[in-house]
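[1] Below are the sequence and a predicted model; questions follow.
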Amino acid sequence: MRRRLINSTLAVVLVVIAVFGVSLVIVETRTISSSAQESVDSEALRLVGIVDSRLLGGENITSEVLAKQVDVERYARIDIPGRSPIEIGERPSGSVIRAVKRGEEGENVTVEEARSSVTREVGRTLLIIGMVALLAVIAAVLLAVRQANKLASPLTDLAEAAERLGSGDPRPRHKRYAVPELDRVADVLDASAERIARMLTAERRLAADASHQLRTPLTALSMRLEEISVTDDLDTVREEATFALTQVERLTDVVERLLTNARDPRTGSAVAFDLDEVVQQQIEEWRPAYRSAGRAIVCSGRHGMRAVATPGAVAQVLAALIENSLMHGGGTVALRTRVTGNQAVIEVTDEGPGVPADLGARIFERSISGRNSTGIGLAVARDLAEADGGRLELLQQQPAVFALFLSREARTRTAPAKEPERPVR
């Protein structure tokens, strides 16, 4: 492209120089020739006037007297009747410019100049025109190179950006070139890069969330299946199979929820549900894991509340908090339900060392963890809570107290304000 732009610009300039240059040379040549002829004619007329005045005054006319009146590069001959011809200067050879004038006293004055002087003047003019043309060509080449670089370099950059975008690097360049058409292409590429970056981020986030959210139900399902494999009691098999089916349903709900959030995080399927059922289901689900760890999980607080949210999402949030207490906390884990204003609150706390002071403000950020975990669980839990119009907060760092706030249904069943904590074994 650069070569084409340079060649086309140079061709245009050469055509312009050829058309106007040839015309200028012709005009200048004719002008110089006419000027030289007029100069010779003028000198011949002047000599005729001088000779006439001297003849009328009876003065003596000699070559010495007239030599001062003739250009040194010219030849003059004065023919006076009855006298010898008077010659001034050296007569030129070859082609000459000649002027012959006749005076009032019958004398003839001839002035000649070698045409080579005109040729030299034309040559100097041609040299000047040629130099100007050469400067014009050089300027045109420099301008063509500059314009070619100005147009070709952005196209090369845009091609590299498109290639990088196709290879999986969606970083926008935000580079503009002061050319509206090229800037438009750059805007489209940057917008495409941003969209692809968002899509890749969403896909990576979905994969990370899926691997984290599915891990707990799969672990629980595996534990139920192990219980079935080691027992011959049909009642135990039925009980464990029922729990296993519950885990399968939860897995399905988790997958559907993840896909829904991936399409539109604001989309929710909030309904009114019994909060006690979700809390008890989570306690039953985590009971084997806490028994294996030699720890207890208890629940207390107000019962009979109905919240407005997605039951599966609430279960996943509680599972994340309970699992977090199992991995990072210590002692007994307590789930407490209470009411504040028009919201139902579920608090999860344990007797462990709590959240480090340097992590308190960033505990819900992705990849933030106090130990060698993924740092995704609490971030996903907060997203799930916010998708249903609720919120998840860290109320206290030591010991750690996490609280899930949910919208409460207007009418609730009357229940005792608080019951003593009871261990679930």
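    Okay, I see it.
[2] same for the helix or strand encompassing D383, what does it pack against?
    Assessed by DSSP states H and E, D383 sits inside helix 377-387. If you count contacts as 3 or more CB pairs under 8 Å, 6 or more residues apart in numbering; DSSP states H and E, helix 377-387 packs onto helix 180-229, helix 234-263, helix 311-328, strand 391-396, strand 401-408. The C-beta positions use only the backbone N, C-alpha and C, and glycine is treated the same way.
[3] Let's have these in CSV, adding distance to L5, mean pLDDT and mean neighbour count.
    Shown next, in CSV, are these (distance: least, CB to CB, whole Å; pLDDT from 0 to 100; neighbours: other CB atoms under 10 Å):
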stretch, distance to L5, mean pLDDT, mean neighbour count
helix 180-229, 15, 73, 15
helix 234-263, 48, 71, 15
helix 311-328, 61, 86, 23
strand 391-396, 61, 91, 16
strand 401-408, 66, 93, 21
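[4] Reformat those as TSV; add distance to L275.
    Listed next are the helices and strands packed on helix 377-387 as TSV, based on distance: least, CB to CB, whole Å:
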stretch	distance to L275
helix 180-229	20
helix 234-263	17
helix 311-328	8
strand 391-396	15
strand 401-408	8
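[5] To A381, which of the ones you listed lies closest?
    Nearest of these to A381, taken as CB to CB: helix 311-328 at 4.1 Å.
[6] quick revisit: looking at the helices and strands packed on helix 377-387, which is nearest to R366?
    Of all the helices and strands packed on helix 377-387, helix 180-229 sits nearest to R366, with 8.1 Å by CB to CB.
[7] so the helix holding D383 versus strand 401-408, what angle?
    Counting by axes from the mean of the first three to the mean of the last three CA atoms, to 10 degrees, helix 377-387 lies at 20 degrees to strand 401-408.
[8] Numbering from 163 from now on, please.
    All right, first residue 163 from here; so that's helix 539-549.
[9] which SS class is I259?
    Here I259 is recorded as strand under DSSP: H, G, I helix; E, B strand; the rest coil.
[10] picking that back up, among the helices and strands packed on helix 539-549, single out whichever gets nearest to I168.
    I168 lies closest, by CB to CB, to one member of the helices and strands packed on helix 539-549: helix 342-391, at 19.1 Å.
[11] I'd like to know which elements the helix or strand containing L305 is packed against.
    In this structure, L305 is located in helix 278-328 according to DSSP H and E. In this structure, helix 278-328 packs against helix 164-219, helix 342-391, with contacts taken as 3+ CB pairs under 8 Å, 6+ apart.
[12] I'd like those helices written out as CSV, with distance to G493 added.
    Formatted as CSV, those follow (distance: least, CB to CB, whole Å):
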stretch, distance to G493
helix 164-219, 75
helix 342-391, 21
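[13] quick one: which of these is nearest D233?
    helix 164-219 (6.6 Å).
[14] distance of V258 from L288?
    Separation of V258 from L288 (CB to CB, to the nearest Å): 22 Å.
[15] With A238 instead?
    When distance is defined by CB to CB, A238 is 30 Å away from L288.
[16] got it, and F564?
    Using CB to CB, one obtains 95 Å as the distance from F564 to L288.
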